[in-house]
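In: Just to be clear, the model below is a prediction. Sequence and coordinates:
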Protein chains: 4
Amino acid sequence: MSSTFGTIFTVTTFGESHGKGVGAVVDGCPPRMELSEKDIQPQLDRRRPGQSAVTTPRDEADAVTILSGVENGLTLGTPIALLVANRDQKPGDYKGMLHIPRPSHADYTYQMKYGVRASSGGGRSSARETIGRVAAGAIAEKFLRERFGVHIVAWVSSVGPVDAPDLAETTLKRADVDQSIVRCPDPASAAKMESVIGDVRAANDSVGGVITCVCRSVPAGLGEPVFDKLEAKLAQAMLSIPSTKGFEIGSGFAGARMRGSAHNDPFVKKGGGLGTATNWSGGVQGGISNGMPIVFRVAFKPPATISLPQKTVDFDGNPAVLEAKGRHDPCVVPRAVPIVESMAALVLADLALHQHSRRAIG
Amino acid sequence: MSSTFGTIFTVTTFGESHGKGVGAVVDGCPPRMELSEKDIQPQLDRRRPGQSAVTTPRDEADAVTILSGVENGLTLGTPIALLVANRDQKPGDYKGMLHIPRPSHADYTYQMKYGVRASSGGGRSSARETIGRVAAGAIAEKFLRERFGVHIVAWVSSVGPVDAPDLAETTLKRADVDQSIVRCPDPASAAKMESVIGDVRAANDSVGGVITCVCRSVPAGLGEPVFDKLEAKLAQAMLSIPSTKGFEIGSGFAGARMRGSAHNDPFVKKGGGLGTATNWSGGVQGGISNGMPIVFRVAFKPPATISLPQKTVDFDGNPAVLEAKGRHDPCVVPRAVPIVESMAALVLADLALHQHSRRAIG
Amino acid sequence: MSSTFGTIFTVTTFGESHGKGVGAVVDGCPPRMELSEKDIQPQLDRRRPGQSAVTTPRDEADAVTILSGVENGLTLGTPIALLVANRDQKPGDYKGMLHIPRPSHADYTYQMKYGVRASSGGGRSSARETIGRVAAGAIAEKFLRERFGVHIVAWVSSVGPVDAPDLAETTLKRADVDQSIVRCPDPASAAKMESVIGDVRAANDSVGGVITCVCRSVPAGLGEPVFDKLEAKLAQAMLSIPSTKGFEIGSGFAGARMRGSAHNDPFVKKGGGLGTATNWSGGVQGGISNGMPIVFRVAFKPPATISLPQKTVDFDGNPAVLEAKGRHDPCVVPRAVPIVESMAALVLADLALHQHSRRAIG
Amino acid sequence: MSSTFGTIFTVTTFGESHGKGVGAVVDGCPPRMELSEKDIQPQLDRRRPGQSAVTTPRDEADAVTILSGVENGLTLGTPIALLVANRDQKPGDYKGMLHIPRPSHADYTYQMKYGVRASSGGGRSSARETIGRVAAGAIAEKFLRERFGVHIVAWVSSVGPVDAPDLAETTLKRADVDQSIVRCPDPASAAKMESVIGDVRAANDSVGGVITCVCRSVPAGLGEPVFDKLEAKLAQAMLSIPSTKGFEIGSGFAGARMRGSAHNDPFVKKGGGLGTATNWSGGVQGGISNGMPIVFRVAFKPPATISLPQKTVDFDGNPAVLEAKGRHDPCVVPRAVPIVESMAALVLADLALHQHSRRAIG
């Protein structure tokens, strides 16, 4: 069930980049939660291409329709089907590329796997597939916010060589993040990132970046040892997003260079229970949330589609030069911010229901 | 099913660090494969504590018994149950710590999650839980090697501040890795790592590290879009290993700093099909293997158990000082090498069977 | 994932009886299979109410649209989303019943389970939910037919007190079944069944019946011991159809009265392998298909919606009399024939892919 | 994951009839429940062969050991591994049958499926596999009883031609059932059943039967529409038991002959909520429990192993005569009573946790 994610709160996505539509079926959402398209559309709008000068200018309205599972503004507890119609189909744009697998795209691997592939665009490997996730994630997030007060916010923490300062321990909100078109809440860094993206665009090239995500007010106890540890499900969720190459939680790769005496998070009294004085653990110990903010980072490679000519070979191994037509997104991380938030919400909602099944009995 | 991993080739592990035994049930292994305990024991021996001066000196024989699923030396296609008895139970070692949650251990989170926890050691969060995975992984690996020629090898690529040179494109074998007790195949780096571990041990402290893993001769086409992408399942598998904080594939976090023109892997003719001139993708495009070596890295934090006194609080929030008794492993990465290999094998075996179900029909 | 069925070839259905639409997402269908709406519509038409005088006269076109997963008439191996719009929404019909849970309907249990329910009709317990299954089943069946030559045919074998003779060992086709509007291929029995249904309709009552299904040319080896035995998955599939009360395979309940010497199916030489002289086993031994026809029967209760006044209580326990308005289907079994066939196809397709993953390697 | 059953409360069984042992891993059992081997052994003893003159005289102690997941008499919330050693291995008994697939056994289908099979006995199709289920079911049942007051009792309601009167609406307990060695609580019927079994044994033959099971005090709301309806999961669970050929709930196949006006269960005021005046539904409406007793019946075929010579063919199709050596169980239904109860408990425990995950939030 490779297109289904989750055990109790589940999402099944469908749709190619250039078919009739994309969407998702959310099953297991608790009943009697207020829900309408207005709860979902804002994150879809944040994900949409063409929002600003730094993203691809294709205009796709991406308006979501709830097909089922909601009546009189309330969830019924039954599957919530979500549909976003495709409208901007220009398969002609891709015609010349049919016999040349695009480097670092999925043309070659889809062909090897399925013996066939969508003739235009990336099929299921297209960023457009993420619409279903973002729509589903908006529902998961509403549930987490209303029942537990969970607050999830992600932002661009690096673009190419530009690193923003560490903002994980602040109280950032999405409005802060959206102040800049690159979705970096540090203005000085944002300006540099915009400049890098502008340069890259001018050079017909692309550039990667990193997104940091913080989940606050997550109750302690979420995460199912051993294979469904919280960080393990987050890692799967993030590496399932197109173009991602890395995931780290808390101290991450830097933690591998530390000593235990510095890395251990001493406990302190906090509210009615315990907290930790530091948070190198990133809110997770033994695969289970400890009530501290969950902090993780996701690395995105530079987009594979560039307008520069590329020397490669065609499917038969004959030398070829590939030149992408049209305009392309030189840096996807600003648009990927809501995708990261959505996948985090899907992980947390599923684990929250799982944990609830266990604790509240008896 | 948090203790079960996989869809077709599945493993279910069981066992606490200090109960009667630990083990696993492997379901879905193809029938008629030669199998005996001798195929499994070597990786368990590599995982075992006390192999060398750099690991914990506790002597645990960890001898595996196959309880079912094999007859006359051949797998039957039925569940293969694997059991390793516990024998070195010294709950007394942990007595003083019952009321003090150990910093960066899972005592607090298990208590918050379950309302109870194993009174001694880490319960399911203990490294001992990984015995079941390693035993199961040895079976998966044998299947992959015999049917596809897959070769999986991992090694220690950094300990604390010491980085070994990049060896991902070599033809390293496990015998090369095991030349040094730190399991770093670069002798100069290995010497430095040993020295760092010695210093840390003398200081009653601990240190983290990074393991690099390469999977060669993996057929193209493995990985199930969209949530069960190859890199997504590898990320889940690796972050489910105790003490891990990060995962990256191919270019990883460094790739986020690159431009597309440098990062894209141009195709080249190779054998009967295509390969790529570079391998920034790490053997995976669009979530599907492309036939190139799969290269990934896993970050391990420094072990949380240190002999240095730690200021913290007890479960009630009262100030306390924790001092771990006994001898502890100052650096787990050498022993974690076979765990990483085993989890990689479990991912690949499951995806290989999944892919086979699709392609060979018709 | 209660709305998802299957492990490799999976279907996820969505939709209430009176929302915007109903449908399904089929994941795991092998790629490069020819597919269009024309392959799916015929079974939907057979399922549709209003086909004849014996079924409910509501006219619902139930035209299916493939939203994704197919391009140029070929499956891509990606999720196939199927949508049938709802159009005949008359919630007014159900108004008077909001405070009275309909006897032997799901109003009460949905309210107890979810604390809310669709205000009109049966929500997810409506027969309309089965549209998604029938659409998905048509795809599964096409796959089974083209790759293995599997032939699935079901028919009405009893209505109320009228039993048709045993036709399991004939070579019936769907065209034979559709000769009569009650879908009983024995003309004499069909006439009696029509008469019973006519009487029941005249009496504002309803009546139950039994459907027999035979799956021919199923290859030996399908079915996954122990919990996913072929008969176990068929039983789950059939009892998941609304209004079903029983399932039996082969000798069924009558077999419980037999002696082993009579019930055992002796092996005989057949083609290149073995067959059995009798088929009391119903094509399954030890949970695995043996190559003989798979024969099973499904019992359907009389529809709960009747126009006769019924003495009951409202949700508060106050005495009430319920009288259903509108016209209702007095006997669902003729329309349920394609539903039974579809669920059988979904079971077999999933088990066929599962088995294929195992056998063809090595 | 064909050897795993359940979504939240899961059981994975392992073991052949004649390997080193059989057992199960129970995952997802709520923590802090008192549990020891003493809670499990009684049902294993009821399942054991050789309890009385009507069952097979092989003496197998079937003593269960809890390997993990329990400490200080309390469940930890972690996987509970259960092991029962095999000791009565006499592969010689089966030697002569290696080349002759036993009629209506699984020899032929296992060989077709796996290309190999356990050389002696039925492998995974053996009744001995059910030990793991019964052990796991005892844990599920304890959970259901202590948290919800659920009471599950099954009994033999027919053997061959002998039918006991309908006892579904009584308040039978297991002690009542165990009054007779055939586990039929109606003494007159029990005597006749014993007589039938005696005759069959004397004739070197075997005979089938039916088990009725009632689950009382099941809370309303259990069962997950649409594919995991309560009756659908029960049906799967029951048809996964060796030798079963049929399942019916409530009115069952007899209900298919009834009219709706007679079959509908009118609601009545009952305690704080509603009940139904009749229970043709068998405690389930729309796939969800309604608080009334859940009543179902399971048909068992006559055991395939008989001492009478049987004309059949060998694997190559050559005529052969099979004569089973040793003593065999002429009627399995008395021993199958605890198996039916255990599978029912596993279904209900999983659905109870699933439902709890949904309702108690908010």
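Out: Great, that's in hand.

In: any idea how far the residue in the stretch 1-150 of chain A that chain B sits nearest to is from residue B:288?
Out: Chain B sits closest to residue A:106 of the stretch 1-150 of chain A, with a gap of 2.4 Å, by C-beta to the nearest C-beta. C-betas here are computed from N, CA, C, even on glycine. Distance from residue A:106 to residue B:288, counting by C-beta to C-beta, to the nearest Å: 7 Å.

In: ok, and the closest non-adjacent residue to the residue of the stretch 1-150 of chain A closest to chain B?
Out: Counting by C-beta to C-beta, 6 or more residues apart in numbering or on different chains, residue B:286 is the residue found nearest to residue A:106 once chain neighbours are left out, at 2.4 Å.

In: Determine the number of other residues adjacent to that neighbour.
Out: For residue B:286, the count of nearby residues is 29 (other C-beta atoms under 10 Å in any protein chain shown).

In: now swap in residue A:171 and tell me
Out: Here the count is done by other C-beta under 10 Å, and residue A:171 has 11 residues near it.

In: And residue A:148, by the same measure?
Out: Residues contacting residue A:148 under the criterion other C-beta under 10 Å number 17.

In: so what's it up against?
Out: Listed by C-beta atoms under 8 Å, 6 or more residues apart in numbering or on different chains, the contact set of residue A:148 reads A:217-219, A:352.

In: can you narrow those to ones near chain D?
Out: With C-beta under 8 Å from any C-beta of the partner chain as the criterion, these include residue A:352 near chain D.

In: What is the nearest of the contacts of residue A:148 to chain B?
Out: Of all these, the one sitting nearest chain B is residue A:219; the distance, using C-beta to the nearest C-beta, is 8.5 Å.

In: and the gap between the closest residue to that closest one other than its chain neighbours and chain C?
Out: Closest residue to residue A:219 in three dimensions, ignoring its sequence neighbours and counting by C-beta to C-beta, 6+ apart: residue A:148, at 5.7 Å. Using C-beta to the nearest C-beta, to the nearest Å, one obtains 19 Å as the distance from residue A:148 to chain C.

In: Residue A:77 contacts residue A:29, doesn't it?
Out: Yes: taking C-beta atoms under 8 Å as the definition, residue A:77 is a contact partner of residue A:29 at 7.3 Å.

In: Name the residues contacting each of the two.
Out: With contacts taken as C-beta under 8 Å, 6+ apart, the residues that reach both residue A:77 and residue A:29 are residue A:69.

In: wait, does stretch A:110-117 make contact with chain B?
Out: Yes: between stretch A:110-117 and chain B, judged by C-beta under 8 Å from any C-beta, the touching residues are A:110, A:112-115.

In: I should have written stretch A:19-33 there, sorry.
Out: No: contact check for stretch A:19-33 against chain B, using C-beta under 8 Å from any C-beta: none in range, with a minimum separation of 10.9 Å.

In: about what we covered before: backbone torsions only: list them for the residue nearest to residue A:219.
Out: Backbone torsions of residue A:148, given as degrees, to the nearest 10, read phi -120, psi -10.

In: got it, and the one 10 residues further on?
Out: Backbone dihedrals for residue A:158, given as degrees, to the nearest 10, come out at phi -160, psi 150.

In: now it, which residues is it bridged with?
Out: When assigned by DSSP bridges, residue A:158 has beta-bridge partners residue A:163, residue A:210.

In: Burial check on it, number of neighbours?
Out: Residues contacting residue A:158 under the criterion other C-beta under 10 Å number 24.

In: these two touch, right, the residue of the stretch 1-150 of chain A closest to chain B and residue A:123?
Out: Yes: A contact is recorded between residue A:106 and residue A:123 when judged using C-beta under 8 Å, the distance being 7.2 Å.

In: Residues of the stretch 101-250 of chain A that sit close to chain C?
Out: Contact residues (C-beta under 8 Å from any C-beta) of the stretch 101-250 of chain A with chain C: A:113-119, A:123-124.

In: ok, now how distant is the residue of the stretch 1-150 of chain A closest to chain B from chain C?
Out: As defined by C-beta to the nearest C-beta, residue A:106 lies at a distance of 12 Å from chain C.

In: do residue A:175 as well
Out: Summarising the geometry, the distance separating residue A:175 from chain C, computed by C-beta to the nearest C-beta, is 33 Å.

In: now do residue A:146
Out: 15 Å.

In: Next: residue A:211.
Out: The gap separating residue A:211 from chain C is 26 Å, by C-beta to the nearest C-beta.

In: And for residue A:295?
Out: Relative to chain C, residue A:295 is positioned 30 Å away (criterion: C-beta to the nearest C-beta).

In: Listing partners with orientation, what would you give for the strand or helix carrying that residue?
Out: Following DSSP states H and E, one finds residue A:295 within strand A:294-300. Partner strands and pairing direction for strand A:294-300 (DSSP bridges) are strand A:209-216 (antiparallel), strand A:244-249 (antiparallel).

In: tell me the contacts of the nearest residue to residue A:241 once chain neighbours are set aside?
Out: In this structure, residue A:241 finds its nearest non-sequential neighbour in residue A:339, 5.5 Å apart by C-beta to C-beta, 6+ apart. If a contact means C-beta under 8 Å, 6+ apart, then residue A:339 has A:47, A:130, A:133-134, A:137, A:241 as its contacts.

In: Please identify which of these is nearest to residue A:250.
Out: Sorting the contacts of residue A:339 by distance to residue A:250 puts residue A:241 at the head of the list, at 19.9 Å, by C-beta to C-beta.

In: So the closest one sits against residue A:299, correct?
Out: No: in this structure residue A:241 lies outside contact range of residue A:299 using C-beta under 8 Å: 10.7 Å.

In: Neighbour count: those two, which is higher?
Out: The neighbour count for residue A:241 versus residue A:299, taken as other C-beta under 10 Å, is higher for residue A:299 (28 against 24).

In: Count the residues that sit near the residue of the stretch 1-150 of chain A closest to chain B.
Out: The number of residues packed around residue A:106, counting by other C-beta under 10 Å, is 28.

In: give the contact list for it.
Out: When contacts are counted by C-beta under 8 Å, 6+ apart, residue A:106 touches A:122-123, A:125, B:285-288.

In: same check, this time on residue A:252
Out: Taking C-beta under 8 Å, 6+ apart as the definition of contact, the neighbours of residue A:252 are A:282, A:296-297, B:245-246, B:299.

In: returning to what we had before: flag the least confident of the contacts of residue A:106.
Out: Between those, the one the model trusts least by pLDDT is residue A:122, at 67.

In: show me what contacts the residue in the stretch 151-300 of chain A positioned nearest to chain D?
Out: Nearest to chain D, among the residues of the stretch 151-300 of chain A, is residue A:225, at 7.3 Å (C-beta to the nearest C-beta). Contact criterion C-beta under 8 Å, 6+ apart gives A:286-288, B:2-3, B:124-125, D:78 as the residues in contact with residue A:225.
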